[in-house]
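[1] the amino acid sequence is not available; the structure is as follows:
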C-alpha cells in the first residue's frame, strides 16, 4: 500500500468558532491496481492504506479514468460477492451497466448515484456500455456498522440537483452540505458530494465538526487548508472544524469528491470484496461464495463469476485507524 505523507506544523483559527484547529492535512497518495484482473483497466486506490483504513465509514476509494475505452477495453467486472458494506458508484463520464442478485438491472451515469447495500450477501457485475468512449469516475465503499451489517439487500438511485456555491457548485449525493440534503438512506451519518471550483476560486463550506473529512482531487491543484492536493491525491482532515476551505489554484475549473462522517469506532476485517469482523467470518463467506448458497446469482451477464483468490497463510487481523 502507499505511504502516507503528513503535513503538520501551524494552527489556524476555525472561521465558525474562532478556536484553533490543526492546519495540517494528511495526504494519501494512490497506488495503481488492476480492476478485475491483470489485463483489466487500471484504477488509483487511495483507501484503504496502512496508516488510514477509513474516513468516517468510508473504507474504500477507487478513482479511474479518463480511460479511452477503445484502447483499454473499458470495464468488465464479472459477478462477484460482497458482505458487510454499501457500494457507491459515481461517474464523471461514460456509462456502466449494473446487474445484481437482487434482480436489479440499472445504469450508472454521470451525476447520478447508484448505491447498493450488500448486507448479509449480494453479488453483482459492472460492465461499461458499448456507447461509452471515455470512462471516468469513482467507486467507493461504506462499512456497515455491527447492528446493520446483516441487513437485507437493497439498491437506491438518486440524481442530485446541482447546488450553486460562491465560487463553484456542489452535487450532494449523500448527507447534507450547503443547505442540500440527499434522501438516500445510509446506516451511519455520511457526507458525499462532487464539488466544482471555478478557476482561482476559493470556497468555504460549513461542515459538521464531529465529522472527519476527505477531499479526493480529480482535476486541478487544490489548496485544502494550508496543503496542496494534486490530482488523484486524497487529503484527510480530522474532526474539530466547523468550516472547510478549498482553493482552486489553477486557471481551469477543478473537480473533487468530498467525503465525510464521524470516526468509525468498530474494528473491521477487510479482504477481497468482504468486510467482516473476524478471520473465521471471512473464510466462511469465501466458502459460501464457492458453494453458491449465500449470494444468489446475476442474470444477464455473459461470462462466469469471479473466483475468490486464495486466502493468506496467516490469519487476517482486524484493523481500525490509528488515533
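    Ah, there it is. Remember, predicted model here, so these are calculated numbers, not experimental data.
[2] what's the distance between residue 186 and residue 26?
    Applying C-beta to C-beta, to the nearest Å, the value for residue 186 to residue 26 is 24 Å. The way it works is simple: take the backbone N, C-alpha and C, and place the C-beta from them, glycine included.
[3] of all residues in the protein, which one is nearest the centre?
    With distances taken as C-alpha atoms, centre = their mean, the residue of the chain nearest its centroid is residue 140 (2.4 Å).
[4] tell me the confidence at it?
    Per-residue pLDDT puts residue 140 at 98.
[5] so residue 245 touches residue 206, yeah?
    No. Between residue 245 and residue 206 there is no contact under C-beta atoms under 8 Å: 10.9 Å.
[6] name the residues of stretch 99-110 that come out as buried.
    The neighbour-count criterion (16 or more other C-beta atoms under 10 Å) identifies 99-102, 104, 106, 108-109 as the buried residues of stretch 99-110.
[7] ok now that stretch, how far from the chain's centre?
    18 Å (C-alpha atoms, centre = their mean, to the nearest Å).
[8] same question, stretch 42-54
    With C-alpha atoms, centre = their mean, you get 10 Å for stretch 42-54.
[9] give the buried residues for that stretch.
    For stretch 42-54, a neighbour-count test (16+ other C-beta under 10 Å) marks 43-49, 51-54 as buried.
[10] what of stretch 224-244?
    Neighbour counts over stretch 224-244 (16+ other C-beta under 10 Å) mark 224-225, 227-229, 231-239, 241-242, 244 as buried.
[11] and if you look at stretch 57-76?
    Buried positions in stretch 57-76, judged by neighbour count with 16+ other C-beta under 10 Å: 57-65, 67, 69, 74-76.
[12] is the residue nearest to the centre of the chain bridged to anything, and to what?
    Taking DSSP bridges as the rule, residue 140 bridges to residue 61, residue 88.
[13] you'd agree it is up against residue 58?
    Yes. Counting by C-beta under 8 Å, residue 58 is a contact partner of residue 140 at 6.2 Å.
[14] any shared contact partners between these two?
    With C-beta atoms under 8 Å, 6 or more residues apart in numbering applied, the overlap between the contact sets of residue 140 and residue 58 consists of residue 259.
[15] residues touching residue 126, list them.
    Residue 126 is in contact with 75, 77, 89, 96-98, 108, counting by C-beta under 8 Å, 6+ apart.
[16] in strands, which of those appear?
    77, 89, 96-98, 108 (DSSP state E).
[17] what's the average pLDDT for stretch 194-202?
    Mean pLDDT, stretch 194-202: 98.
[18] which parts of it are buried?
    Going by neighbour count (16+ other C-beta under 10 Å), the buried part of stretch 194-202 is 194-198, 201.
[19] and those residues as a markdown table, adding distance to residue 318?
    Listed next are the buried residues of stretch 194-202 as a markdown table, based on distance: C-beta to C-beta, whole Å:
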| residue | distance to residue 318 |
| --- | --- |
| 194 | 32 |
| 195 | 33 |
| 196 | 38 |
| 197 | 38 |
| 198 | 44 |
| 201 | 42 |
